[in-house]
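# When you get a sec, could you give me coordinates for this:
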Amino acid sequence: MPRQLSLRINLNDDATFENFFLLDQDHKHQIVALLSSQLMSGEEPFVYLWGPNGSGVSHLLQASCHRAAANDLQVQYLPLAELLDYPPQQLLENLEHLPLICLDNIQLVAGNSAWEEALFSLYNRVRQANGRLLVGADCAPRELPLQLPDLQSRLGWGPVFQLQASDDEVKTLILQFRAYRRGMELGDDVARFLINRAARDLSGLMACLDTLEGASLEAKRKLSIPFVKQVFGW
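Just a heads-up that it's a prediction; the model follows:
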């Protein structure tokens, strides 16, 4: 029998439920509530999240892992974009014994027969073991170009949630929310300037915020447009 591979996948420390920005009437409240209780309630063993880059899919998968770890539960986060060259049967072997498995960017293995068969087997084993699977992708299960129809049906066994990409107005609010949680004040003008001048995806904007936090602490200056220009050489 092949030996399960030993992996060490680092989670983003900021990818927590507490750091996930929600508008008052946002349907994502329902998603966060379900994921927050997925391990404890015994309900919804299979959940599928999908949305474009920057919609928060990866954040929520990692947040579930952080919440599980905070409750002393062993989990496995598998960002498939980094694992495509691994043998899937070995990679997924015995994972059904974990309380939670998070598979991110599952669309990347669509059409790969070895991966599809390994995932199909994993779904069946997790169900038998009463485990939990949280899956992230950039499209709905029915839109995945899978060769294995039975895997497509497995992916839709539980709730399927779509996350929308954030427009510039929401990105401004997210930047301000994350800055506030770091103890910084980010005015509307500075936030809009960042969005217009930096990488427009949220991961790039968060990286800018990381840089500004360090620079602000070192220079003992508040965030302003002139200071942002100085830090990034714009």
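# May I have the distance across stretch 13-23, first residue to last?
Using C-alpha to C-alpha, to the nearest Å, one end of stretch 13-23 lies 22 Å from the other.
# So which residue is dead centre in the protein?
Ser58 (1.2 Å; C-alpha atoms, centre = their mean).
# Show the average pLDDT along the one helix or strand that residue maps to.
Assigned by DSSP states H and E, Ser58 falls within helix 57-70. Per-residue pLDDT values over helix 57-70 give a mean of 95.
# And for that helix, what's in contact with it?
Contacts with helix 57-70, where a contact means C-beta atoms under 8 Å, 6 or more residues apart in numbering, come from 11-12, 15-17, 19-20, 31-32, 35-36, 38-39, 49-51, 74-75, 77, 79, 99-100, 102, 104-105, 134, 136-138, 163. Just so you know, the C-beta spots here come from the backbone N, C-alpha and C atoms, and that holds for glycine as well.
# What is the burial count for Asp14?
Asp14: 18 surrounding residues under other C-beta atoms under 10 Å.
# I meant to write Trp234 there.
10.
# pLDDT below threshold where in this structure?
1-7, 41-42 (pLDDT under 70).
# what are the ranges of the strands in it?
Applying DSSP state E to the chain gives strands spanning 46-50, 75-79, 100-104, 133-137, 160-162.
# Kindly reformat these as CSV and extend each row with distance to Leu146.
As requested, the strands of the chain are exported to CSV (distance: least, C-beta to C-beta, whole Å):
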stretch, distance to Leu146
strand 46-50, 13
strand 75-79, 18
strand 100-104, 14
strand 133-137, 11
strand 160-162, 15
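# right, so of these, which gets closest to His27?
Taking C-beta to C-beta, strand 160-162 is the member of those nearest to His27, at 8.1 Å.
# in the closest one, what counts as buried?
160-161 (16 or more other C-beta atoms under 10 Å).
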